[in-house]
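> Sequence isn't available, so here's the structure alone:
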């Protein structure tokens, strides 16, 4: 058994940012990583995926993109290389191929059992990712067995799926991108659409992330929301990391020949039943987008930003009347179902009373319990907490908190 | 959010109590489990009457001061005596009531004063379904349309957002747009 001041679980952007902050503050620590640095980016993403944030926005403590294309979007090999060079440049102490098996309380600190021996530490940072497991609805259990069910974590490309039609469940970033790619490969695609957030890639000549960043939207703090749990559950924007598709929204998908229907509500005797509430889900999304864009306009006017083209308006989302309400899954038209219904972190190995009744980690701004921190989770401290660009600020604040409370706990 | 320039917005909805209930149910989720009931007695032909009073909620049986009665019948074109609305019309009115109440509650919460609200509901039924003439025609509504006429101290988008949010949080909208497990048995 080894003893150390601080352990970080996970060598993705969050764990690396924390490691860099602790190194800068001379806190002895080790990063435990189940695979290699940036493992999830390297292994658990589909082939065509690019980051939803432009290159300039991949800022980390002591590190920024300095390549030739600040407005481009990194592919998975590129973001993997980017994070690996960050780890190498900072000589960050990562122990790769070290899977955490359990975490339990030990005296004033924590015992971390790994596949390569036990550690005891005073401080533990859970930076093991927000998107480790797919969030799959219970109706999945009633899907006829001959249909392949797959999540975006295992999906690779259209050729890797069995021939035939595909039902994509979910219309956030993963769902819309995978649906568009499958349709472009000639597949029949049906998409079940629940709550979603429509957003243009570019608005008034600037990337939406420029607007979010500059207007302060990404810096909105969790404590300023009435219901932080709801803020943490907001789905990803309907975006793709490429500029040749200005809107990858439901109008675009329908123009490509994708059929859209309501949320997958139930499977009854092999028939999928979809919600009739599609029109309202689209209306809510249109209103939300208009509110967001108006808030950008208001900010630009107030901040006197010059040289911007005039405010743009976008057509409302088209919904077929009537749209499909059911589909007999035994008829063989659909051969694959893709559960693009969101992701969740994996805390199954956490033997500590820190999860709520819905198995979510209880924390306030990333502070879980004395000496126990979380990082890289949605809306941890700010709207951008889950972005590569957001973990740095959180890691800085949490590492300061760690040092202050450590000296108090030791005193 | 609406800024309500120091004018008091009153749609007759006690949002403080509703927000208080949210807090209480977060601490005690079992208190949020309600069961509603209605008892229907056959009178004659398609004419019958529901009585509604007790329900279960907040962890115990609840009784009202008053028992409500909802009658139902069918119109003369269905060879009935037309003494009360059809069950399908009662469903349409339930949807309209639920959405209208929701509009008032959301408006109160958002600080929007309502001056008038009217919901007009239509539901299409091809009666060959219930007459068993064509298995491809469903018994129920093939489509339902609700139109709101709202006069309120708010922008058009804010009014649209009220109606959208009301649908998002409506029990009747959910009941009509999503499947529900229904068990019917004989005592």
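That came through fine. This one's a predicted model, so the numbers in the text were calculated from it and none came from an experiment.
> my guess is residue A:321 is in a strand, correct?
No. Counting by DSSP: H, G, I helix; E, B strand; the rest coil, residue A:321 is not found in a strand; it is coil.
> what packs against the longest helix along chain B?
Secondary structure of chain B read by DSSP state H shows that its longest helix is helix B:87-109. Packed against helix B:87-109 by the contact rule (3 or more CB pairs under 8 Å, 6 or more residues apart in numbering or on different chains; DSSP states H and E) you find helix B:15-27, strand B:68-72, strand B:114-124, strand B:143-152, helix B:156-168, helix B:171-177. To be clear about C-beta, it is placed using only N, CA and C from the backbone, and glycine gets the same treatment.
> possible to save the ones you listed as a markdown table with mean neighbour count, mean pLDDT and distance to residue A:101?
As requested, the helices and strands packed on helix B:87-109 are exported to a markdown table (neighbours: other CB atoms under 10 Å in any protein chain shown; pLDDT from 0 to 100; distance: least, CB to CB, whole Å):
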| stretch | mean neighbour count | mean pLDDT | distance to residue A:101 |
| --- | --- | --- | --- |
| helix B:15-27 | 11 | 83 | 33 |
| strand B:68-72 | 14 | 98 | 60 |
| strand B:114-124 | 14 | 98 | 58 |
| strand B:143-152 | 14 | 97 | 54 |
| helix B:156-168 | 19 | 97 | 42 |
| helix B:171-177 | 18 | 97 | 42 |
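> JSON lines for the ones you listed, including distance to residue A:76?
Formatted as JSON lines, those follow (distance: least, CB to CB, whole Å):
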{"stretch": "helix B:15-27", "distance to residue A:76": "39"}
{"stretch": "strand B:68-72", "distance to residue A:76": "60"}
{"stretch": "strand B:114-124", "distance to residue A:76": "49"}
{"stretch": "strand B:143-152", "distance to residue A:76": "44"}
{"stretch": "helix B:156-168", "distance to residue A:76": "35"}
{"stretch": "helix B:171-177", "distance to residue A:76": "38"}
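> Show me the one of these that comes nearest residue A:210.
Evaluated with CB to CB, the helices and strands packed on helix B:87-109 place helix B:156-168 nearest to residue A:210, the distance being 24.4 Å.
> hmm, that closest one in reach of chain A?
Yes. Against chain A, helix B:156-168 shows contacts by CB under 8 Å from any CB of the partner chain at B:157, B:160, B:161, B:164, B:165, B:167, B:168.
> what's next to that helix, contact-wise?
A:277, A:280, A:283-284, A:287, A:290-291, B:2, B:99-100, B:102-103, B:105-107, B:110, B:112, B:148, B:150, B:152, B:154, B:173 (CB atoms under 8 Å, 6 or more residues apart in numbering or on different chains).
> Now do it against strand B:143-152, angle only.
130 degrees (axes from the mean of the first three to the mean of the last three CA atoms, to 10 degrees).
> still on that earlier bit, next, the angle strand B:143-152 makes with the longest helix of chain B.
Using the same axes, to 10 degrees: helix B:87-109 against strand B:143-152 is 30 degrees.
> Quick check on the contacts of helix B:156-168: which are buried?
A:277, A:280, A:283-284, A:287, A:290, B:2, B:99-100, B:102-103, B:105-107, B:110, B:112, B:148, B:150, B:152, B:154, B:173 (16 or more other CB atoms under 10 Å in any protein chain shown).
> just to revisit the earlier point, compare the helices and strands packed on helix B:87-109 and report which one is nearest to residue A:387.
helix B:156-168 (27.0 Å).
> what angle separates the closest one from strand B:114-124?
Going by the same axes, to 10 degrees, helix B:156-168 makes 50 degrees with strand B:114-124.
> Give me the distance from helix B:156-168 to the chain's centre.
Here helix B:156-168 is found 17 Å from its chain centre; the criterion is CA atoms, centre = their mean, to the nearest Å.
> what residues does the longest helix of chain B touch?
B:9-13, B:15, B:18, B:70, B:72, B:85, B:113-114, B:117, B:119-123, B:125, B:140-141, B:144, B:146, B:148, B:150, B:152, B:154, B:162-163, B:165-167, B:169-173, B:176.
> repeat that with 6 Å
B:11, B:13, B:15, B:72, B:114, B:117, B:119, B:121, B:123, B:162, B:165-166, B:169-172 (CB atoms under 6 Å, 6 or more residues apart in numbering or on different chains).
> cool, and stretch A:337-357?
By CB under 6 Å, 6+ apart, stretch A:337-357 touches A:100, A:102-104, A:130-136, A:147, A:149-152, A:167-170, A:174-175, A:178, A:362, A:368-369.
> Which positions in chain A make contact with chain B?
Within reach of chain B by CB under 6 Å from any CB of the partner chain, chain A has these residues: A:265, A:266, A:273, A:275, A:276, A:277, A:280, A:283, A:284, A:287, A:322.
> what's the closest of those to residue A:85?
residue A:284 (41.8 Å).
> Surely the closest one forms part of a strand?
No. Counting by three-state DSSP, residue A:284 is located in no strand; its state is helix.
> List the contacts of it.
By CB under 6 Å, 6+ apart, the neighbours of residue A:284 are residue B:164.
> Then residue A:386?
Residue A:386 touches A:130, A:378, counting by CB under 6 Å, 6+ apart.
> Check what pLDDT it gets.
With respect to pLDDT, residue A:386 scores 93.
> Residue A:28 versus that one, what's the distance?
28 Å (CB to CB, to the nearest Å).
> sorry, back to before: now go through the contacts of stretch A:337-357 and say which are in helices.
Short answer: the contacts of stretch A:337-357 in helices (DSSP H) are A:174, A:175, A:178.
> Provide the partner residues of the nearest residue to residue A:136 once chain neighbours are set aside in its beta bridges.
Counting by CB to CB, 6 or more residues apart in numbering or on different chains, residue A:136 lies nearest to residue A:339, which is 4.7 Å off, once chain neighbours are set aside. In this entry, residue A:339 is beta-bridged to residue A:169, by DSSP bridges.
> Then residue A:369?
residue A:372.
> The residue of chain A found nearest chain B: neighbour count?
Closest approach between chain A and chain B, counting by CB to the nearest CB: residue A:276, at 3.7 Å. Counted with other CB atoms under 10 Å in any protein chain shown, residues neighbouring residue A:276 total 23.
> what are the ranges of the strands in the stretch 51-200 of chain A?
A:94-95, A:100-106, A:109-114, A:117-126, A:133-134, A:148-150, A:165-169, A:189-193 (DSSP state E, counting those that start in this stretch).
> partners of the fifth one, with directions?
According to DSSP bridges, strand A:133-134 has the following sheet partners: strand A:343-344 (antiparallel).
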